[in-house]
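J.: sequence first, then the predicted structure, then my questions.
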Amino acid sequence: MTAQDPKAPILELKALNKAYGALQVTRDLSLAVMPGEIHAVIGPNGAGKTTLIGQISGETSSDSGQVVFGGKDVTGWCVASRARAGLGRTFQITAILPEFTVLENVALGVQAHQGHSFRFLRAAASDQKLNDKALQILGDVGLAERAALRAGSLSHGEKRMLELALALAVEPKLLLLDEPMAGTGPDETARLIGILKSLKSRCPMLLVEHDMGAVFQLADRISVLVYGEIVASGMPEEIRADPKVRQAYLGEDDAA
Ligand SMILES: Nc1ncnc2c1ncn2[C@@H]1O[C@H](COP(=O)(O)OP(=O)(O)OP(=O)(O)O)[C@@H](O)[C@H]1O
């Protein structure tokens, strides 16, 4: 299969392993993300989800196994090379420049992606094409009417949407989302769910999320990680019904 084949996975993990000393954090971990899908990884605290995201983005080296992205083996690639190849991830809120407007933040992201330096903010601010692109992205994440505000004045949930806009500014082929709902209230969570749903046909996602309501609304496929191992992988209804999963992770709660 080639990267152009629409049925080929955009991301394939093959038997990934990572240990810290005696602690085996991910073990023989394999999964695939297909074009047009949201694949969620859930698991109890300490299951290895953040480590796995790091192994995919390149921040954490793997002891063995392969990361294949867009048909290319990127296992030995650094973070920047993987990002340039289209592996996007949401940034921490600290990546937002609070004194700049919402529009300027995204315009700078678009500009950086186009290979210019951050130093040319003035040029960026007057570049209509750049601003148009940034505004379009802000529309995609529901922040168009906040464009002229200082980014620092946004609510927590809006900052998460701005993070998403910054990730989209680089036109990713896959988005890694590490707990995008963390700290957001119910209304903002509902808005974020709607936004992510509307984006998935254009950008497949690997979603790590503790909010089970959000996971079950968003995911096309769910993999359950326990002690670094995928104990179940399937459609949401299969996962909900799997007794192993209920015991290992969902507990007594109804996951809906
Ligand atoms: N750099 C490190 N050095 C040593 N141990 C680590 C390191 N990073 C993670 N660990 C350990 O690996 C295990 C998995 O951690 P990880 O953060 O990947 O889990 P997680 O599933 O993301 O947890 P959470 O849901 O709480 O965020 C934990 O026991 C953690 O203490």
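T.: Right, received. Where do you want to start? Being a predicted model, the structure only gives us computed values, none of them experimental.

J.: pretty sure residue 231 is touching residue 247, no?
T.: No. If you go by CB atoms under 8 Å, residue 231 and residue 247 don't touch, sitting 9.8 Å apart. The C-beta positions use only the backbone N, C-alpha and C, and glycine is treated the same way.

J.: neighbour-wise, which of these two wins?
T.: Each of residue 231 and residue 247 has its neighbours counted (other CB atoms under 10 Å); residue 231 has more, 17 against 12.

J.: helix or strand for that one, which one?
T.: strand 229-234 (DSSP states H and E).

J.: pLDDT averaged over the helix or strand hosting residue 51 - what is it?
T.: Per DSSP H and E, residue 51 falls inside helix 49-57. Averaging pLDDT along helix 49-57 yields 94.

J.: what of stretch 165-174?
T.: 92.

J.: neighbouring contacts of it?
T.: 10-11, 33, 69-70, 83, 85-91, 95-96, 105-106, 109-110, 112-113, 133-134, 137-138, 140-141, 143, 175, 199, 203-206 (CB atoms under 8 Å, 6 or more residues apart in numbering).

J.: what about the residue of the stretch 51-200 of the chain found nearest the ligand, neighbour count?
T.: Minimum separation of the stretch 51-200 of the chain from the ligand (CB to the nearest ligand atom) falls at residue 51, amounting to 3.4 Å. Residue 51 has 22 neighbours, counted by other CB under 10 Å.

J.: so which of the contacts of stretch 165-174 sit within strands?
T.: 11, 33, 69, 87-89, 175, 205-206 (DSSP state E).

J.: hmm, which of those residues are the buried ones?
T.: For those, a burial check counting by 16 or more other CB atoms under 10 Å picks out 11, 33, 69, 87-89, 175, 205-206.

J.: would you turn those into JSON lines with distance to the ligand?
T.: As requested, those are arranged in JSON lines below (distance: CB to the nearest ligand atom, whole Å):
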{"residue": "11", "distance to the ligand": "18"}
{"residue": "33", "distance to the ligand": "18"}
{"residue": "69", "distance to the ligand": "20"}
{"residue": "87", "distance to the ligand": "18"}
{"residue": "88", "distance to the ligand": "19"}
{"residue": "89", "distance to the ligand": "14"}
{"residue": "175", "distance to the ligand": "18"}
{"residue": "205", "distance to the ligand": "17"}
{"residue": "206", "distance to the ligand": "13"}
